[in-house]
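**Q** Coordinates only, no sequence provided:
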């Protein structure tokens, strides 16, 4: 999420009643969570496991609950007793107000939007699109040209992102966006969550079947094919020309290389190289997995011969 105001690390610290150390005059140009940070961003961290990752990330201001750390050269830290709560407070302060459009949405030429479609603020819809009945398009969504979104899809809903604190789940404020590039088709009842603080993006020419879930901050490449009931968690990177067949499951922060094919009902548990075909759970190269399945089918016969 980009900041429209010119604020330094010291200014941000004053807003949340915290203390800034290091290069406190460094401008904070955006707020992002750790998976999608860029130079100039503020990021928060409240677990020792991720201290080094946050301090050494592209972020130049780190909201942290530990004071006795070495501040990287040129960066600032803001010391807070509760970085998560302060991060959410900052996002709420600077995010674009949430609203729904009561009149006709801003659309390009030759685009058809059914009267039952709900459209949020700061939504742009390109030329030659078809938005079918019952679609909900949340705020901060950009839809390119020649996009088809079938009935009852939800585009840009809140991210499924919580932190467990004191035995309960605290919701991370969703302030990111959703980008649907040109020539994308999205089947009925598919849901695509917008980014927590950056964007969720569906690349040009990608085709998505019915009942597919795409999580927050996931980047799907160009010319991909995603079949029914596939589930892609948050912060994944799916390369160009990837095929995910029906009911494939992809957990968070996974990268699938360009040209990979994942066969139906496979469970991806780690990053996959591009240009290969995968099968099974956990997913592996399909020829090896089929040999494993064939061998497993022989186990009862082997056990019988051994008298087991």
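**A** Looks like it arrived, so ask away. The model shown is predicted, which means the values in this text are computed figures rather than measured ones.

**Q** so where do the helices sit in the chain?
**A** Listed from the start of the chain, the chain has helices (DSSP state H) covering 9-15, 51-55, 83-94, 286-297, 299-306.

**Q** Just the buried positions in the first one, please.
**A** Just to be clear, that refers to helix 9-15. Neighbour-count burial for helix 9-15, counted by 16 or more other Cβ atoms under 10 Å, picks out 9, 10, 12, 13. Where you see a C-beta, it was placed from the backbone N, CA and C, and this is true even at glycine.

**Q** and the residue lying closest to the last one once chain neighbours are set aside, what does it touch?
**A** In space, not counting the residues next to it along the chain, residue 13 is nearest to residue 20; the distance is 3.9 Å by Cβ to Cβ, 6 or more residues apart in numbering. Contacts for residue 20 were tallied using Cβ atoms under 8 Å, 6 or more residues apart in numbering; they are 9, 10, 12, 13, 76, 77, 78, 79.

**Q** Pick out whichever of the residues you listed sits closest to residue 184.
**A** Closest approach between these and residue 184, by Cβ to Cβ: residue 12, at 36.9 Å.

**Q** how about that closest one, what does it touch?
**A** By Cβ under 8 Å, 6+ apart, the residues touching residue 12 are 20, 28, 42, 61, 78, 90.

**Q** returning to what we had before: of all the helices of the chain, which one is nearest residue 248?
**A** Minimum separation from residue 248 across those (Cβ to Cβ) falls at helix 286-297, 12.7 Å.

**Q** For residue 207, list each beta-bridge partner.
**A** The bridge-partner assignment for residue 207, based on DSSP bridges, gives residue 185, residue 225.

**Q** Kindly provide the distance from it to residue 19.
**A** Using Cβ to Cβ, to the nearest Å, residue 207 is found at 51 Å from residue 19.

**Q** now swap in residue 44 and tell me
**A** On the measure of Cβ to Cβ, residue 44 and residue 19 end up 15 Å apart.

**Q** between these two, who's got more neighbours?
**A** In this view residue 44 and residue 19 are compared by other Cβ atoms under 10 Å, and residue 44 has more residues nearby, 28 against 13.

**Q** still on that earlier bit, reformat the contacts of residue 20 as TSV; add pLDDT and distance to residue 247.
**A** Listed next are those as TSV, based on pLDDT from 0 to 100; distance: Cβ to Cβ, whole Å:
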residue	pLDDT	distance to residue 247
9	96	46
10	96	51
12	97	44
13	96	48
76	96	46
77	96	44
78	97	44
79	97	46
